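> Give me a 3D structure for the following:
(one chain, ligands or ions: 1)
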Amino acid sequence: GAVPDLAGRHVVISAGGTREPLDPVRYLGNRSSGKQGYALARTAVARGARVTLVAANAALPDPAGAEVVPVGTARELREAVLKAAANADAVVMAAAVADFRPSREVDSKIKKRDGVEPEPIALVRNPDILAELSAHRPAPAQIVVGFAAETDDVLANGRAKLARKGCDLLVVNQVGGGRAFGTEENEAVILESGGPETPVPHGPKETLADRIWDIVAGRLSTA
Ligand code: C5P
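Have a look, this model is predicted:
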């Protein structure tokens, strides 16, 4: 078994992808499978943590030993994560949160009518949960981890995003060309505020999860 270096710690993980309703039957969504977040939950349980997994629309089995809180939209995810984060040692935002949602959700199904063009879909911003978590920590020692998917200038864009979001760690995936979303494997660089870059070679999502927990556990033990 794993070293129980997260024993006595409470970690909160968001996983999956939010769905933003357009009408009662349609939504704007994304291709996140939730696999990386679920791998983080399983590995954290194995390392002794109490785990709250805020799961957005992931069709995956509940990780044994984790508390699973199902959510649908970005605003529901925000509520659930902020509540669980109030007594957490670390929060890892692995979910793909919709940056925008339709400005209004209509109560009845949008109909097509002969000879009538559809209305454009107006969007509004969703709250940036990662930035909010980072700015309003219940305890200064709480560790906040974000994810970023970048297609180019991965390190430069990653460093800029780490600073902009105000989190401690940013796990940067290179995406595009069929990489990352929905696959069993991942390749990433873990960026740390005031710290080094840790490349994690192509491999199982559990391996990347364990490298993230190595850094989180190390930071918690020296805090
Ligand atoms: O800005 P971007 O979407 O690239 O940032 C990705 C990171 O920010 C992920 O950790 C994601 O969970 C988080 N995020 C968030 N709230 C949003 C958008 C993204 O917490 N509205």
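
> where along this protein do the strands fall?
Counting by DSSP state E, the chain has these strands, from start to end: 10-16, 20-23, 26-28, 50-56, 67-71, 90-93, 100-102, 123-125, 143-150, 169-174, 185-192, 197-204.

> quick one, what contacts the residue of the chain positioned farthest from its centre?
Distance from the C-alpha centroid of the chain peaks at Gly115, with 42.4 Å (C-alpha atoms, centre = their mean). Contacts for Gly115 (C-beta atoms under 8 Å, 6 or more residues apart in numbering) come out as none. C-beta: built from backbone N, CA, C; applies to glycine.

> Relative to the ligand, how far out is it?
The gap separating Gly115 from the ligand is 38 Å, by C-beta to the nearest ligand atom, to the nearest Å.

> how close does that residue sit to Ser103?
26 Å (C-beta to C-beta, to the nearest Å).

> if I averaged out where everything in this protein sits, which residue would be nearest that spot?
The residue lying closest to the centre of the chain (C-alpha atoms, centre = their mean) is Ala94, at 1.9 Å.

> That one reaches Gln36, doesn't it?
Yes - with contact defined as C-beta atoms under 8 Å, Ala94 reaches Gln36; the gap is 5.2 Å.

> which residues are common contacts for these two?
Counting by C-beta under 8 Å, 6+ apart, the residues touching both Ala94 and Gln36 are Ala15, Phe147.

> That'll do, ta.
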